[in-house]
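1. Got a predicted structure here, sequence first:
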Amino acid sequence: MYSVRNCLPIGMVYVMTNSANKNEIAAFHRVQNGALSPMGFYDTYGLGSGPNKVSPATPDHADPLTSQGSLVLSRDRHFLFAVNAGSHSISSFMVTAGGELILVEVVPSGGLQPNSLTVYEDLLYVSNVGSKENGYQSNITGFRIGNRGQLARIPGSTRKLSTINAQPSCVLFSPNGYQLVVSELTTNRLSVFHVKNDGTLSGPQLNNSNGTNPFGSCFLSSGLLLVAEASGAMSSYAVIPDGELRVISGSVSDRQMLTCWVSPTRDGRYAYTSNTASGTVTTYRINMNGTLNAIGSIRSTAGGMAMGEPIDNGVSWDGLNFYVLNGSQGSISVFYIGENGQLMLLQVADHMGLPTFGTQGLAVI
């Protein structure tokens, strides 16, 4: 394990407490070796879900929001956006040069229990969790981002998902911003919307997921779409302009349980998945033709420590480090990324003031 002493900050990691009585953003300095040191907490002026699930799709505690992307940065890293699932709102922050957060505003999310966000230039979309129990249909809603991070809801942007209880697990813009993909965990569908010039959407084109329980997803700069499947696998897709998805590599198993979050390396050669029920992280190799190979899994915590139940994850902007939030510990594991995508555990940052259960979201600069 590396020390954080005598190291200068080179970036930031942000995590959302998701606490039911006061949602906050915990900020950490990334120092030169990638390790973390605590910086402070920032109130979202909203409420999280706590350890209580927003949907019957998954158990309480380790993963209450059942989503990837509950905390996201703008592409220029000037703004940070967070969901407040307990108060049905979105908080917008300005990120200072030193990594401090300045609250810009809090706006209604356009539905109930927001759980995932995606940003492209001045567009932000959020997914809201509906169910028969809350009497509200799952939807996605769009906003324009102002030059100071303020959010203005786009008229006519709200679109329902395929069924009233279609649990959204990730909403994601394509690299060119022309399409928006929603993973529907409970219907085993991937809905692809076309983004119009005014920021509203047409569609969706409904695609059956190659594997069951599509969860977190990410795009490579090439346009290749990766979708983690909670059944213990990952698939890759090409997105056709009309919204149809063409399977390239279908449900490549990692022999782990609850494969739910995925982040690619900056060069697009590898991707890492969090396997919550196995307590591991899997490295996938991404071949030139878009096919996938699972090349190994390692624990998210050090040997001798309790299993971490890894959830949200991310790769640093310099491509040197991989970070994963341990959902049953309120800790963050820090890895160094080697030349061939291999991961070396550097630090398990614990006792940082994060809730043991319920913490969600991770954003890295």
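-> Okay, I see it.
2. Was I right to think I10 contacts W317?
-> No: using C-beta atoms under 8 Å, I10 is not in contact with W317, being 9.6 Å away. C-beta here means a position set from N, CA and C on the backbone, and glycine is covered the same way.
3. residues near the closest residue to I145 other than its chain neighbours, how many?
-> In space, and not counting its chain neighbours, I145 is closest to D122: 4.7 Å by C-beta to C-beta, 6 or more residues apart in numbering. Residue crowding around D122 was assessed by other C-beta atoms under 10 Å; the count is 13.
4. Contacts only, for D122.
-> Applying C-beta atoms under 8 Å, 6 or more residues apart in numbering to D122 gives the contacts R144, I145, G146.
5. Give me the pLDDT for the residue nearest to the last one when sequence neighbours are not counted.
-> In space, G146 comes closest to A152 once its chain neighbours are excluded; the distance is 6.7 Å by C-beta to C-beta, 6+ apart. The model reports A152 with a pLDDT of 98.
6. wait, what's in contact with N275?
-> G232, D254, Q256, M257, L258, T259, C260, V281, T282, S297, P310.
7. In ChimeraX, how would I select just the buried ones from those?
-> Applying 16 or more other C-beta atoms under 10 Å to these, the buried members can be selected in ChimeraX as follows:
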select :232,254,256,258,259,260,281,282,297,310
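8. Out of the contacts of N275, flag the one nearest to N165.
-> C260 (19.0 Å; C-beta to C-beta).
9. tell me the pLDDT at that closest one?
-> Note on C260: pLDDT of 94.
10. contacting residues around stretch 346-356?
-> For stretch 346-356, with C-beta under 8 Å, 6+ apart as the criterion, the contacting residues are 1-2, 4, 15, 17-19, 26, 28, 33-36, 38, 41, 50-51, 301-302, 305, 308, 321, 326, 328-336.
11. give me that answer again for 6 Å
-> 1-2, 17, 19, 26, 34-36, 38, 301-302, 330-334, 336 (C-beta atoms under 6 Å, 6 or more residues apart in numbering).
12. Repeat that for stretch 252-265.
-> 68, 215-216, 218, 220, 226, 228, 230, 232-234, 271-278, 280, 282, 292, 294, 297, 312-315.
13. got it, and stretch 39-53?
-> Contacts for stretch 39-53 (C-beta under 6 Å, 6+ apart): 18-20, 23-29, 60-61, 64, 82, 84-87, 89, 91, 101, 106, 357-358.
14. what packs against the worst-scoring helix or strand of the chain on mean pLDDT?
-> Least confident helix or strand of the chain, by mean pLDDT, DSSP states H and E, is strand 9-16 with a mean of 92. Using 3 or more C-beta pairs under 6 Å, 6 or more residues apart in numbering; DSSP states H and E, the elements in contact with strand 9-16 are strand 24-31, strand 360-364.
15. and with 8 Å instead?
-> strand 24-31, strand 36-43, strand 71-73, strand 79-84, strand 360-364 (3 or more C-beta pairs under 8 Å, 6 or more residues apart in numbering; DSSP states H and E).
16. export those strands to a markdown table and tack on distance to Q179?
-> Listed next are those as a markdown table, based on distance: least, C-beta to C-beta, whole Å:
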| stretch | distance to Q179 |
| --- | --- |
| strand 24-31 | 29 |
| strand 36-43 | 33 |
| strand 71-73 | 18 |
| strand 79-84 | 20 |
| strand 360-364 | 23 |
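17. what's the most buried one of these?
-> strand 79-84 (a mean of 27; mean count of other C-beta atoms under 10 Å).
18. Touching that one from outside, list them.
-> 14, 16, 23, 25, 44, 46-48, 65, 70-74, 89-95, 101, 104, 106, 109, 114-117, 119, 124, 126, 145, 149, 361, 363.
19. Can you say which of the residues you listed are buried?
-> Buried members of the contacts of strand 79-84, scored by 16+ other C-beta under 10 Å, are 14, 16, 23, 25, 44, 46-48, 65, 70-74, 89-93, 95, 101, 104, 106, 109, 114-117, 119, 124, 126, 145, 149, 361, 363.
20. can you list the weak-confidence ranges in this protein?
-> 1-9, 56-61, 131-134 (pLDDT under 70).
21. Quick check: which of the helices and strands packed on strand 9-16 is nearest to H194?
-> strand 71-73 (21.5 Å).
22. That closest one - which strands sit beside it in the sheet, and in what orientation?
-> With DSSP bridges as the test, strand 71-73 is paired with strand 79-84 (antiparallel).
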